[in-house]
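Asker: what's the 3D shape of this:
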Amino acid sequence: MNLKSGNIEGFEQYSQFKNLEEFNHHMEMWLLDHKKDFTKGELIGLKRLVRFSAKIPGVCNAKIGTILKAINQPYKDNILSRSTFKRMILKGKKIGIFTVFETERSNGSQSSNLYVFNRFPACEPPKQESMSRPKETINLLKTEKDQKINKRKEEPSKLDYTYVSNRVPQPFVEIVKCFFPDAKVIEEYWHMAQIIAYGYELGHEIELIVNLAIQSFRQLIRKLNFTNAIKNPIAYFYGILKEKFFQYYEEGLNEMHETGLIQPKPICFEFNGEKMEWDWLNP
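Answerer: Residues are numbered from 1 along each chain as shown. As a prediction, the model looks like this:
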């Protein structure tokens, strides 16, 4: 059964995000993992769809024509076609970035679709086969020892910091384990640091990542000690660390500008023989 069309405020219950900042964080993580799956034109369409999903974080029911008009009108030409936008929608649905619901008017005719963005799965659940219990067999000759072994296998285990992957730097493990000794949690904090670092093309700077991650974690712990307002510590850590990487990147750019190593120049492209400037962050 299709949803009834209406004002965007009527779809507020479909939002999966507490606020716009959280929605933006999840979109950044989606793009870090799947930006390569979209063409340049499709990315323009996706970013504009995200901007149309700001009033109710992660929810949009604008018509495709309205979105395309917002993209193309400033240039008085078809920068993005309807078919390209629809290809982007199909890819986004397949990847899981968003879910699309059909809506209908009161007379039963089809209206604009409802786009509901999904949260980024920062930590994937264990595979089903590893979670399933061993098949029961009828064996009256089972010994008590065998039964105890099977019982231990069925009980869920929680691994401490000694089981953290050796890919996580030890200095980072040493500080996080004091507050979160669970191996999975420690690895998830480090995964957030890697996501941001790769976004700034600094994934090879391990020492830098560790230093900024430790600074951010200490700032998180201080905040946790002073307030109970933080509902998701890992998301808060991500926000702190993202800001520190941005400051580091900006300071590096300013230094290179001052020393004359790089000269600022606009990003240009040619369309139908006409040269244009394009800011992909603000299409």
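
Asker: Can you list the low-confidence ranges for the stretch 51-200 of the chain?
Answerer: 75-77, 122-157 (pLDDT under 70).

Asker: what about the helices in it?
Answerer: For the stretch 51-200 of the chain, applying DSSP state H, counting those that start in this stretch gives helices covering 64-72, 82-95, 128-131, 144-154, 170-176, 183-199.

Asker: For Gln13, find the nearest of those.
Answerer: In terms of Cβ to Cβ, the element of the helices of the stretch 51-200 of the chain nearest to Gln13 is helix 82-95, at 20.6 Å. All C-beta atoms are positioned from the backbone trio N, CA, C, and that covers glycine.

Asker: Check which helices and strands that closest one is in contact with.
Answerer: In terms of contacts (3 or more Cβ pairs under 8 Å, 6 or more residues apart in numbering; DSSP states H and E), helix 82-95 is packed against helix 40-51, helix 64-72, strand 98-101.

Asker: Just the buried positions in it, please.
Answerer: For helix 82-95, a neighbour-count test (16 or more other Cβ atoms under 10 Å) marks 84-85, 87-89, 91-92 as buried.

Asker: now stretch 211-224
Answerer: Buried, per 16+ other Cβ under 10 Å, within stretch 211-224: 212-214, 216-217, 219-221.

Asker: mind checking how far Val210 is from Ile186?
Answerer: Between Val210 and Ile186 the distance is 13 Å, computed by Cβ to Cβ, to the nearest Å.

Asker: how about the strands of the stretch 101-250 of the chain, start to end?
Answerer: Per DSSP state E, counting those that start in this stretch, the stretch 101-250 of the chain carries strands over the ranges 103-104, 114-117.

Asker: Can you list the strands that the last one pairs with?
Answerer: If you go by DSSP bridges, strand 114-117 pairs up with strand 59-60 (antiparallel), strand 98-101 (antiparallel).

Asker: For burial, what's the neighbour tally of the closest residue in space to Tyr189 that isn't next to it in sequence?
Answerer: Leaving aside its sequence neighbours, Tyr189 sits nearest to Val176 (Cβ to Cβ, 6 or more residues apart in numbering; 5.8 Å). By the criterion of other Cβ atoms under 10 Å, Val176 has 26 neighbours.

Asker: what does stretch 216-229 contact?
Answerer: 172, 175-176, 179, 189, 193, 230, 233, 236-237, 240-241, 244 (Cβ atoms under 8 Å, 6 or more residues apart in numbering).

Asker: Just give me the closest of the buried residues of helix 82-95 to Leu31.
Answerer: Distances from Leu31 to the buried residues of helix 82-95, taken by Cβ to Cβ, are shortest for Gly92, at 11.0 Å.
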